[in-house]
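1. sequence first, then the predicted structure, then my questions.
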Amino acid sequence: MRQLPLLDHHTEVKLSDRRYAATHERPANLVNLMFRRVGAGWTGTMGVEAAHKAAETIADVMGWDEKRIAEEAKRYLAYVARTYGVRVSAPAKAA
C-alpha cells in the first residue's frame, strides 16, 4: 500500500507516521506531535499548511471531535507564530 505524505515538499513524513505516533506515543497535543514525535514542525514551512490535516488524521485515535480538531490546528498555528515569528493564516480545512 502506498503511504501518503503529510507535506508535499517533505515526503519522508507520512500520514501513517502521525497515526503510529498518536497510537503508541500518545502526544499531549498537535504541537507535541508535529515537533517532538514526527518532526514535521522542523521542515521549511514548519508544517503550517498541514496542521488541520494532521489533526484530522489522528482525531479518532486521540478522541477529538471536529471542534477539538479545529482548536488543535489553531493552537498549532498560534504556537508557530508566537514561538518562531512565522506569519500564518487561519487553518484551512482539508479537502
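-> Nice, thanks for sending it over.
2. mind listing what the residue lying closest to residue 48 once chain neighbours are set aside touches?
-> Nearest residue to residue 48 in three dimensions, chain neighbours excluded: residue 88, at 5.1 Å (C-beta to C-beta, 6 or more residues apart in numbering). C-beta coordinates here come from the backbone N, C-alpha and C atoms, glycine included. Counting by C-beta atoms under 8 Å, 6 or more residues apart in numbering, residue 88 makes contact with 48, 77, 80-81.
3. okay, those residues in TSV with pLDDT next?
-> Below are those laid out as TSV (pLDDT from 0 to 100):
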residue	pLDDT
48	90
77	95
80	95
81	94
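4. who's in contact with the lengthiest helix in the chain?
-> If you go by DSSP state H, the chain has its longest helix at helix 66-84. Helix 66-84 is contacted from outside by 29-31, 34, 41, 46-48, 51-52, 54-56, 59, 62, 64, 86-91, using C-beta under 8 Å, 6+ apart.
5. buried subset of those, written for PyMOL?
-> Restricted to buried positions by 16 or more other C-beta atoms under 10 Å, the PyMOL selection for these reads:
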select buried, resi 29+30+31+34+41+46+47+48+51+52+54+55+56+59+62+64+88+91
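6. could you dump the longest helix of the chain to CSV, C-alpha only?
-> C-alpha atoms of helix 66-84 as CSV (Å, rounded to 0.1, in the frame of the first residue of the first chain):
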residue,chain,number,x,y,z
GLU,A,66,-14.5,18.4,15.0
LYS,A,67,-14.3,21.3,17.5
ARG,A,68,-11.1,19.9,19.1
ILE,A,69,-9.6,19.3,15.6
ALA,A,70,-10.1,23.0,14.8
GLU,A,71,-8.8,24.0,18.2
GLU,A,72,-5.6,21.9,17.9
ALA,A,73,-4.9,23.3,14.4
LYS,A,74,-5.5,26.9,15.6
ARG,A,75,-3.2,26.3,18.7
TYR,A,76,-0.5,24.8,16.4
LEU,A,77,-0.6,27.9,14.1
ALA,A,78,-0.5,30.2,17.1
TYR,A,79,2.4,28.3,18.6
VAL,A,80,4.4,28.6,15.4
ALA,A,81,3.6,32.3,15.0
ARG,A,82,4.4,33.1,18.7
THR,A,83,7.5,30.9,19.1
TYR,A,84,9.1,31.3,15.7
